[in-house]
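A.B. asks: Next come a sequence and a model predicted from it.
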Amino acid sequence: MSPTKQARARRAAERTLVILGASGDLTTRLLLPGLATLLESEPERNVRVLGAAMEPYTPAQWTKRVRTSLTKAKAAPAVRDTILASTAYRKTNVLDKAALVDLLEDLPPESVLYFALPPQVTIQACALLAEIDPLPKGLKLALEKPFGFDKASAAKFNRLLTRIVPEEQTFRIDHFLGKSAVLNLLGLRFGNRVFEPIWNNVNISHVDIVADETLALEGRAGYYDGNGALKDMIQSHLLLIMAMVAMEEIASVDEVELRDLMAHVLRSTHLVGPAKKASRRARYTAGKVGRREIPAYVDEPGVDPDRRTETLAEITVEVRNSRWAGVPFRLRSGKALGADRRGIYLHFKPVAHSMTGLVDSATPNCLKLGMSPETIELTVTTNGEGDPFELENTTLAATIGDSHIRPYGEILAGILDGVPLLSVRGDIAEECWRIVDPVLKAWAKDEVPLQTYPAGSAGPRGWPA
Ligand code: NDP
């Protein structure tokens, strides 16, 4: 069979997606809507959703939840009805081995177990799964972030998973890898002659990868207060993006090649100097984002001020190889800031010689790859409008249409097809923790001050804009 026919046959085969934690926020807000966009783009897919959680939902109550989630997400009515026609719910305590056995017994081959559970519950449920034999043939595990709490716990969790299914059937989720802007990095870097030859330390002075948002806690203290900006955003999402920015040239887009190259670059990545110099943290105080009054983080319901959770974090790393030596990569993410800024900024060095006889008011080139909305902006130096003897900046800008399939839809497609291209391999998850572990330790010892910034500002005074 040709690869295209194989892919079509894979998509048409019936797949059961079991969501453990189906009454939670992730399922209703991201997973079901993501699945709907996938089915809308690929209507030949045949996916049955089986929800499982502790809540004793009747079939009507479950159907109503699914309908509400899909309606809120503006899913196409035909897709919504297809999902509703086959979905079912099983009250299941995943920490009860007998209940797990019951659930698994009825599953067809190639089913997906999606762990949309609190992280500790996921680990405990996996420990039970490791004791169950036999498991449904071809069972795939989809594991949400955070994957572990540091390098040691991630490594231990990886060892546990190898006792359940092989690595090719384990999908560690990072939905940033499903974002078209991140995938488009490959096309931009390797599909053009003009970028790859200058993508190195000869030409680039520093790189910023930023995910700042105006949103504050929005009632998510239960999850966020135990994690903070470093674990929530930098340890996973931003380090993976950095790996795709800095990796060597990819010859073919397959799961071995892509993930080998990401692991390769992460293994060379280290903090620039000791953690107390290479990291900063801060927490927002009361302020105004636009017209919205935001209370201080410590006054948000459910927050324990003694945890000293940061809402803005920054680390600076370097990639110790010949392409990147000497180029700092600054990774920053925060909440309740004055502006939404999500993107990769490649700052180029100035030209080797500035022409004499011209007034140079321009800054060196900067390539900005924006995420949501997806944009490409290249700042170049041009002769000034009205004064050709002065140099100034001009920005060449383009907006790229977002993919119709939401990031969770892209991720689910890979899992359902058994293609782990967009999932995080075990060694990559461990490398990401290895890079941030010294920061976590320095922060726990209070070696780095917890600064403050008013909600709606650009961050603490003295931090780079
Ligand atoms: P919620 O707290 O909203 O939901 C947790 C779910 O787990 C509930 O359905 C709960 O069921 C269920 N659950 C807990 N214990 C058991 C048990 N013993 N047996 C069966 N079900 C159980 O969490 P989220 O949906 O927000 O997050 C889930 C995972 O997804 C987490 O790992 C989180 O880090 C990750 N994630 C979440 C994102 C989000 O935006 N929400 C984004 C990215 C990742 P019941 O209510 O019936 O007890």
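C.D. replies: Yep, it's here. Residues are numbered from 1 along each chain as shown.

A.B. asks: Where does pLDDT dip in the protein?
C.D. replies: 1-3 (pLDDT under 70).

A.B. asks: Residue 391: what secondary structure?
C.D. replies: For residue 391, the assignment made with DSSP: H, G, I helix; E, B strand; the rest coil gives strand.

A.B. asks: Likewise for residue 113?
C.D. replies: State at residue 113, reduced to three classes by three-state DSSP: strand.

A.B. asks: ok, how many other residues are close to it?
C.D. replies: Counted with other CB atoms under 10 Å, residues neighbouring residue 113 total 28. Where you see a C-beta, it was placed from the backbone N, CA and C, and this is true even at glycine.

A.B. asks: now swap in residue 398 and tell me
C.D. replies: 9.

A.B. asks: surely it meets residue 378?
C.D. replies: No - applying CB atoms under 8 Å as the test, residue 398 and residue 378 come out as separate, 9.1 Å apart.

A.B. asks: give the contact list for residue 158.
C.D. replies: By CB atoms under 8 Å, 6 or more residues apart in numbering, residue 158 lies in contact with 426, 429-430.

A.B. asks: Output the helix or strand encompassing it as PDB, nothing but the C-alphas.
C.D. replies: Under the criterion of DSSP states H and E, residue 158 resides in helix 151-162. The C-alpha coordinates for helix 151-162 follow below in PDB (Å, rounded to 0.1, in the frame of the first residue of the first chain):
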ATOM      1  CA  LYS A 151      14.700  15.400  36.600                       C
ATOM      2  CA  ALA A 152      14.800  12.600  39.100                       C
ATOM      3  CA  SER A 153      11.000  12.200  39.200                       C
ATOM      4  CA  ALA A 154      10.700  12.400  35.400                       C
ATOM      5  CA  ALA A 155      13.300   9.700  35.100                       C
ATOM      6  CA  LYS A 156      11.400   7.500  37.600                       C
ATOM      7  CA  PHE A 157       8.100   8.100  35.800                       C
ATOM      8  CA  ASN A 158       9.800   7.200  32.500                       C
ATOM      9  CA  ARG A 159      11.000   3.900  34.000                       C
ATOM     10  CA  LEU A 160       7.500   3.100  35.200                       C
ATOM     11  CA  LEU A 161       6.000   3.800  31.800                       C
ATOM     12  CA  THR A 162       8.400   1.400  30.100                       C
END
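
A.B. asks: Measure how far the next helix-or-strand element following it is from the centre of its chain, please.
C.D. replies: Where DSSP H and E defines the elements, the next helix or strand beyond helix 151-162 is strand 170-172. Centroid separation for strand 170-172 versus its chain: 14 Å, with CA atoms, centre = their mean, to the nearest Å.

A.B. asks: Spell out which residues of the protein are next to the ligand.
C.D. replies: Residues of the chain lying close to the ligand by CB under 6 Å from any ligand atom are 20-26, 30, 53-55, 92-95, 116-119, 121, 144-145, 223.

A.B. asks: Which ones among the contacts of residue 158 map onto strands?
C.D. replies: Assigned to strands by DSSP state E, none of the contacts of residue 158 qualify.

A.B. asks: quick one: which of those residues is nearest to residue 77?
C.D. replies: Distance to residue 77 across the contacts of residue 158 (CB to CB) is lowest for residue 429, with 38.7 Å.

A.B. asks: Pretty sure that closest one sits against residue 171.
C.D. replies: No - using CB under 8 Å, residue 429 makes no contact with residue 171, being 11.6 Å away.

A.B. asks: When the two are compared, which one has more neighbours?
C.D. replies: Neighbour totals were compared for residue 429 and residue 171, and residue 429 leads with 27 against 23 (other CB under 10 Å).

A.B. asks: which ones are touching the residue nearest to that one when sequence neighbours are not counted?
C.D. replies: Of all residues not flanking residue 429 in the chain, residue 147 sits nearest, at 4.6 Å (CB to CB, 6 or more residues apart in numbering). Contact analysis of residue 147 by CB under 8 Å, 6+ apart lists 154, 157, 172, 236, 424, 429.

A.B. asks: biggest separation within the residues you listed, which pair?
C.D. replies: Farthest pair in those (CB to CB) is 157 and 236. Separation: 14.1 Å.

A.B. asks: just how off-centre is stretch 113-132 within its chain?
C.D. replies: Put simply, stretch 113-132 sits 21 Å off its chain's centre (CA atoms, centre = their mean).

A.B. asks: and that stretch, how far apart are its ends?
C.D. replies: Taking CA to CA, to the nearest Å, the first and last residues of stretch 113-132 lie 14 Å apart.

A.B. asks: next one: stretch 159-166
C.D. replies: Stretch 159-166 stretches 11 Å from its first residue to its last (CA to CA).

A.B. asks: and what of stretch 134-143?
C.D. replies: First residue to last in stretch 134-143 (CA to CA) measures 20 Å.

A.B. asks: Excluding covalently adjacent residues, which one is nearest to the residue in the stretch 101-250 of the chain that the ligand sits nearest to?
C.D. replies: Of all residues in the stretch 101-250 of the chain, residue 144 sits closest to the ligand, at 3.7 Å by CB to the nearest ligand atom. Excluding the flanking residues, the one nearest residue 144 by CB to CB, 6+ apart is residue 173, at 5.3 Å.

A.B. asks: three-state assignment of residue 136?
C.D. replies: Put simply, residue 136 is coil when judged by three-state DSSP.

A.B. asks: Need the nearest residue in space to residue 293, chain neighbours excluded.
C.D. replies: Once flanking residues are discounted, residue 293 sits nearest to residue 286: 7.6 Å by CB to CB, 6+ apart.

A.B. asks: which phi and psi does the residue nearest to residue 429 have?
C.D. replies: phi -100, psi 100 (degrees, to the nearest 10).

A.B. asks: Equivalent analysis for residue 221, please.
C.D. replies: Backbone geometry at residue 221, expressed as degrees, to the nearest 10, gives phi -60, psi -40.

A.B. asks: Run through who's touching the helix or strand containing residue 432.
C.D. replies: Per DSSP H and E, residue 432 falls inside helix 426-444. If you take CB under 8 Å, 6+ apart as the criterion, helix 426-444 is touched by 147-148, 150-151, 154-155, 158, 161, 167, 170, 172, 230-231, 234-236, 239-240, 243, 259, 262-263, 266-267, 269-271, 274-276, 278-279, 281, 310, 315, 317, 448.
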